[in-house]
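J.: Sequence first, then the predicted structure:
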Amino acid sequence: MDAMETQDTNAALEQLFDDALEIYDRARAEVTIERSDGTRQAYAAVRYKQRIERARENDELVPVIARIIRRPTLGFGHLEEAGRPDLMLETLVLDESKPYHRLFSPTTIETARARMADYAARRRARS
């Protein structure tokens, strides 16, 4: 990789990190989940945030995001229940306008696409 490609990749990774953390911040501010006692609380995906920060520190952001997408998470369920696909990590992976889209493998992109299609089908079925 030449210097320009490296610079572009580094900038794309920084934007991916920023966008992934923005998901955390927005979900915390905009999504509430039901507690076991029936009350509601702000949704704080603390483990998600820790994984994203650790991945950045270890230069593993793209592979970690790919692993998160491959396995259904409780967080995905919370966001699904809230009707917030805009806060799902899959949405970042699928956004072709983002410079980091090219960093994801076709398999990861297809997995994200399938997860979002399943989500949309479940939403339609509930309507």
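T.: Sure, I can see it.
J.: where exactly do the helices run in this structure?
T.: 3-30, 46-57, 61-70, 74-82, 89-94, 106-126 (DSSP state H).
J.: any idea of the mean pLDDT in the shortest one?
T.: What it means is helix 89-94. Helix 89-94 shows a mean pLDDT of 96.
J.: just the longest one next, same as before
T.: Over the span of helix 3-30, the pLDDT mean works out to 94.
J.: what angle separates it from helix 61-70?
T.: 40 degrees (axes from the mean of the first three to the mean of the last three C-alpha atoms, to 10 degrees).
J.: If you count neighbours, what's buried in helix 3-30?
T.: Thr9, Ala12, Leu13, Leu16, Phe17, Ala20, Ile23, Tyr24, Ala27, Arg28 (16 or more other C-beta atoms under 10 Å). Quick note: C-beta positions are derived from backbone N, CA and C, even for glycine.
J.: Report pLDDT for the nearest residue to the last one once chain neighbours are set aside.
T.: Spelled out, that is Arg28. What sits nearest to Arg28 in space, not counting adjacent residues and going by C-beta to C-beta, 6 or more residues apart in numbering, is Ala44, at 5.0 Å. Among the per-residue scores, Ala44 shows a pLDDT of 93.
J.: With Asp37 as the reference, name the closest of the helices of the chain.
T.: In terms of C-beta to C-beta, the element of the helices of the chain nearest to Asp37 is helix 74-82, at 16.8 Å.
J.: list the contacts for the residue sitting nearest the centre point of the chain?
T.: The structure's the chain has its C-alpha centroid closest to Leu89; by C-alpha atoms, centre = their mean the separation is 1.5 Å. Shown in contact with Leu89 (C-beta atoms under 8 Å, 6 or more residues apart in numbering): Ala20, Ile23, Ile65, Ile68, Ile69, Ala112.
J.: Please apply the same query to Leu92.
T.: Leu16, Asp19, Ala20, Ile23, Ile65, Lys98, Tyr100.
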